[in-house]
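Peer 1: Just the structure for this:
(one chain, ligands or ions: 3)
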Amino acid sequence: MSQRPDTPLLDRVTEPADLKRFSDAELRQVAHELRAETISAVSETGGHLGAGLGVVELTVALHAIWDAPKDRIVWDVSHQTYPHKILTGRRDRIRTLRQKGGLSGFTKRSESPYDPFGAAHSSTSISAALGFAVARDLGGAPEHGIGDAIAVIGDGAMSAGMAFEAMNNAGALKKRLIVILNDNDMSIAPPVGALSSYLSRLYAGAPFQELKAAAKGMASLLPPPFQEGAKRAKDMLKSLAVGGTLFEELGFSYIGPLDGHDMSQLLPVLRTVKARAQGPVLIHVVTKKGKGYAPAERAIDRGHATGKFDVVSGEQKKAPSNAPSYTSVFGKELVRLAAEDPKIVAVTAAMPDGTGLNLMAERYPSRCFDVGIAEQHGVTFAAGLAAGGMKPFCAMYSTFLQRGYDQVVHDVAIQRLPVRFAVDRAGLVGADGATHAGSFDVAYLANLPGFVVMAAADEAELKHMVATAAAHDSGPIAFRYPRGEGVGVELPAKGEVLEIGRGRLIREGARVAILSFGTRLSEVMTACEALDARGITPTVADARFAKPLDRDLILRLARDHEALITIEEGAVGGFGSHVAQLLAEEGVFDHGLKYRSMVLPDVFIDQSTPEDMYATAAMNAPDIEAKVLEVLGVAQVKRKA
Ligand SMILES: Cc1ncc(C[n+]2csc(CCOP(=O)(O)OP(=O)(O)O)c2C)c(N)n1
Ligand SMILES: CC(=O)[C@@H](O)[C@H](O)COP(=O)(O)O
Ligand SMILES: [Mg+2]
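Peer 2: Numbering: from 1, shown residues only. Ligands and ions are numbered 1, 2, ... in the order given. Next up is the predicted model:
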């Protein structure tokens, strides 16, 4: 097909194979256009901007050199894959990113064959790529075959234990495996820890040794079009650091550091690695997060995540809000309590801003610890702090705390250590979708002996729960709260310590009682307005505690009503299951109580707005109203669509 000379080269790319027709100079131009397209798309959708901008050249180079999907490119976290999506047949849908029915903000096997492995939680890529490499060598996927296995992992993700577990295994297996360390000297916040300092030293002038073996005779082994590039690679490799690095000690050939924005470095070195790699190879690529878009480069988080924005000014379009976020309410209350009690300390796993612990870090830097992307360590570190007489608050997103679960059980719960878990992003979170939903924490915490588990119904309740957790010294305690803003209730100056295992009655009604755990309470109250208008007046209670349950309250509600409905922003096995267990043990069902438990359905719900996701889960006010009518056997008038 003939093209007008001014047609953007990117328009000629419908699949990665199209890149193979371009010269190196043209690939540079493609990268330029791909960056502009990424910025333009994210300005309309919002999302993870900075990480993708930092890997534009790397993405083009990988797809130009390797043959995906046969070669498996596994992106760590995969928040940096918008350019990859554009090059792999999804450009026409890139402006649906993170929206209902649109592209996921992460790699997803069901979305494209070019996404060989789904991600969103960090530090899984080397393990998965090693799995592909071993499957290849054992004859897996014989229909299409498996080529190279390539993991692309950031410096932040590399700080997690899982990445080292994978390298340790890969070094021993000696399989051909390519790991690209994308080192932009950033996590979401500035990176922390000794590994980060080590990587900085690697590119800050430590004496380099020669990669003699790889450089020797390399050019002659390559097909003629690559020989010029290979000569350059040879020259470069001579001056790069090899030998004696941590990665070499783990059994990898180390190549780097390379300038990840310079195609004249990237292309020849990657071609050479493709032609010659035998065992595990780690290519250290240095990039800039937010590269090529000044507002992102200037931002403290390098444009890690953004709302919709104006491309020219970089200004984000934010909806005005009336209520503080739950996260900030937690952060402020913790600082207030920390001022009163010097034993209070806090732990975050690479999410200081996301968890509100940035406030604690500013005010009490020596008592606030960012452990890096290391939830497992973070939990046990908090357990050690508690055993050492401190009062640790371990603030993690519900979904990321999953990674530290054995530590929660083995190091905290069994030893009855008073670690306070601030479980943020509880429930459905919206645009990040199923990987980030906080669906399981009630189930996985409330089944642990001795754990206290609370959920805040609003931001004032959250304040009380922070204070309650601070005062609770006899064992582990957790309180959960959702992403986003509170409901706008008046905030007390300070949280009051709640009685452990006591809920509260919100309104007294008849026939049906709704027992809410967490922030569905406002939807329950909206449902009650509609029900009141029909002459059905539910009793409503806020359970506050999933463990220990308020037995008196629950048994009274069961005794005094024909039906009892529980509701929670969590999966089956949580609050409702505990209530059902209590009712069964007390023989309440034998007397004919009608019981319903509203929990998240047994599916992973794709990204949308939280409201829409809760509609999918049938947990909004109209669904609660319908549930009440159903349990009472009242015929429903169909709503207009
Ligand atoms: C287990 C886990 N904990 C925390 C996060 C939140 N998170 C997402 S990206 C990110 C930083 C990743 O840094 P890096 O790997 O260097 O990638 P970059 O954004 O710099 O490209 C963090 C902490 C996560 N996705 N998974
Ligand atoms: C990729 C990732 O895991 C984080 O960037 C996450 O998207 C942050 O979520 P919040 O926006 O809820 O802090
Ligand atoms: Mg990084």
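
Peer 1: hey, let's count contacts and neighbours off CA atoms from now on
Peer 2: Noted.

Peer 1: Pull up the per-residue confidence for whichever residue of the stretch 401-550 of the chain sits closest to ligand 1.
Peer 2: Distances between the stretch 401-550 of the chain and ligand 1 by Cα to the nearest ligand atom are smallest at R403, namely 6.5 Å. With respect to pLDDT, R403 has a value of 98.

Peer 1: shouldn't F517 be in contact with K547?
Peer 2: No: using Cα atoms under 8 Å, F517 makes no contact with K547, being 11.0 Å away.

Peer 1: before we move on, the earlier item: OK, contacts around the residue of the stretch 401-550 of the chain closest to ligand 1?
Peer 2: Contacts for R403 (Cα atoms under 8 Å, 6 or more residues apart in numbering) come out as 375-376.

Peer 1: Let me know the distance separating it from Y397.
Peer 2: 10 Å (Cα to Cα, to the nearest Å).

Peer 1: Next: R136.
Peer 2: 36 Å.

Peer 1: Among the two, which residue is more densely surrounded?
Peer 2: More crowded of R136 and Y397, by other Cα atoms under 10 Å: Y397, with 28 against 18.

Peer 1: need the residues of the chain near ligand 2, please.
Peer 2: Residues of the chain lying close to ligand 2 by Cα under 6 Å from any ligand atom are 79, 120, 354, 432.

Peer 1: List the residues that contact the third one.
Peer 2: Which is G354. Neighbours of G354 in contact, by Cα under 8 Å, 6+ apart: T327.

Peer 1: Excluding sequence neighbours, find me the nearest residue to the residue of the chain found nearest ligand 3.
Peer 2: Closest approach between the chain and ligand 3, counting by Cα to the ion: M186, at 4.0 Å. Take M186 and drop its neighbours on the chain: the residue closest to it by Cα to Cα, 6 or more residues apart in numbering is G156, 6.5 Å away.

Peer 1: Need phi/psi at whichever residue of the chain sits closest to ligand 2.
Peer 2: Residue of the chain nearest ligand 2, by Cα to the nearest ligand atom: G354 (4.7 Å). Per-residue torsions, G354: phi -60, psi -30 (degrees, to the nearest 10).

Peer 1: right, and L491 touches E459 too?
Peer 2: Yes: counting by Cα under 8 Å, L491 does reach E459; the two are 7.2 Å apart.

Peer 1: Low-confidence stretches in the chain?
Peer 2: Residue ranges of the chain with pLDDT under 70: 1-5, 203-244, 637-641.

Peer 1: interface residues of the protein facing ligand 1?
Peer 2: Residues of the chain lying near ligand 1 by Cα under 6 Å from any ligand atom: 51, 77, 120-122, 153-157, 184, 186-188, 350-351, 373, 400.

Peer 1: so G50 touches P295, yeah?
Peer 2: No: G50 lies out of contact with P295 (Cα under 8 Å); the separation is 9.9 Å.

Peer 1: Find residues that contact each of the two.
Peer 2: Shared contacts of G50 and P295, defined by Cα under 8 Å, 6+ apart, comprise G303.

Peer 1: Counting neighbours, go ahead and name the busier of these two.
Peer 2: Between G50 and P295, G50 has the larger neighbour count (other Cα under 10 Å), namely 28 against 18.

Peer 1: so what's that one up against?
Peer 2: Residues in contact with G50, defined by Cα under 8 Å, 6+ apart, are 80, 289-291, 296-297, 302-305.

Peer 1: again, but for V192
Peer 2: By Cα under 8 Å, 6+ apart, the contact list for V192 reads 370-372.

Peer 1: before we move on, back to that, could I get the residues of the chain next to ligand 2 as a markdown table with secondary structure and distance to ligand 3?
Peer 2: Formatted as a markdown table, the residues of the chain next to ligand 2 follow (DSSP: H, G, I helix; E, B strand; the rest coil; distance: Cα to the ion, whole Å):
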| residue | secondary structure | distance to ligand 3 |
| --- | --- | --- |
| H79 | coil | 11 |
| A120 | coil | 14 |
| G354 | coil | 16 |
| D432 | coil | 19 |
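
Peer 1: any idea which of those residues has the most stuff around it?
Peer 2: Ranked by neighbour count (other Cα under 10 Å), those have H79 at the top, with 24 neighbours.

Peer 1: helices and strands around the longest helix along the chain, which ones?
Peer 2: Counting residues, the longest helix found in the chain (DSSP state H) is helix 24-45. Judged by 3 or more Cα pairs under 8 Å, 6 or more residues apart in numbering; DSSP states H and E, helix 24-45 is in contact with helix 50-54, helix 56-65, helix 82-85, helix 263-276.

Peer 1: What are the buried residues along stretch 441-451?
Peer 2: Across stretch 441-451, burial judged by 16 or more other Cα atoms under 10 Å covers 441-448, 450-451.

Peer 1: swap that for stretch 158-170, please
Peer 2: By neighbour count on 16+ other Cα under 10 Å, the buried set for stretch 158-170 is 158-164, 166-170.

Peer 1: could those go into JSON lines alongside secondary structure?
Peer 2: Formatted as JSON lines, the buried residues of stretch 158-170 follow (DSSP: H, G, I helix; E, B strand; the rest coil):
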{"residue": "M158", "secondary structure": "helix"}
{"residue": "S159", "secondary structure": "helix"}
{"residue": "A160", "secondary structure": "coil"}
{"residue": "G161", "secondary structure": "helix"}
{"residue": "M162", "secondary structure": "helix"}
{"residue": "A163", "secondary structure": "helix"}
{"residue": "F164", "secondary structure": "helix"}
{"residue": "A166", "secondary structure": "helix"}
{"residue": "M167", "secondary structure": "helix"}
{"residue": "N168", "secondary structure": "helix"}
{"residue": "N169", "secondary structure": "helix"}
{"residue": "A170", "secondary structure": "helix"}
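
Peer 1: Looking at those residues, which is nearest V179?
Peer 2: Of all these, V179 sits closest to M167, with 9.3 Å by Cα to Cα.

Peer 1: right, and the closest one touches L250 too?
Peer 2: Yes: the pair M167 / L250 is scored as a contact, 6.6 Å apart, by Cα under 8 Å.

Peer 1: mind listing what the residue of the chain closest to ligand 3 touches?
Peer 2: 155-156, 289 are the contacts of M186 under Cα under 8 Å, 6+ apart.

Peer 1: ok, of those residues, which come out buried?
Peer 2: With neighbours counted by 16+ other Cα under 10 Å, the contacts of M186 contain buried members at 155-156, 289.

Peer 1: when you check ligand 3, which of the residues you listed turn up near it?
Peer 2: Near ligand 3, judged by Cα under 5 Å from the ion, the entries from the buried ones among the contacts of M186 are 155-156.

Peer 1: With distance to V56 and secondary structure added, can I get the buried ones among the contacts of M186 in JSON lines?
Peer 2: Listed next are the buried ones among the contacts of M186 as JSON lines, based on distance: Cα to Cα, whole Å; DSSP: H, G, I helix; E, B strand; the rest coil:
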{"residue": "D155", "distance to V56": "17", "secondary structure": "coil"}
{"residue": "G156", "distance to V56": "18", "secondary structure": "coil"}
{"residue": "K289", "distance to V56": "10", "secondary structure": "coil"}
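
Peer 1: For the closest residue to V423 other than its chain neighbours, the count of nearby residues, please.
Peer 2: Of all residues not flanking V423 in the chain, R480 sits nearest, at 4.5 Å (Cα to Cα, 6+ apart). Around R480 there are 27 other residues, counting by other Cα under 10 Å.

Peer 1: Same question for A387.
Peer 2: 17.

Peer 1: let's number from 266 now, not from 1
Peer 2: New numbering, starting at 266: the last item is A652.

Peer 1: And for the closest residue to it other than its chain neighbours, the neighbour number?
Peer 2: Of all residues beyond its chain neighbours, the one nearest A652 is L682 (6.6 Å), with distances taken as Cα to Cα, 6+ apart. Number of residues near L682 (other Cα under 10 Å) recorded here: 26.

Peer 1: What distance do you get for L682 to G649?
Peer 2: Computed with Cα to Cα, the distance linking L682 and G649 is 9 Å.

Peer 1: what do you get for G383?
Peer 2: Taking Cα to Cα as the measure, G383 falls 34 Å from G649.
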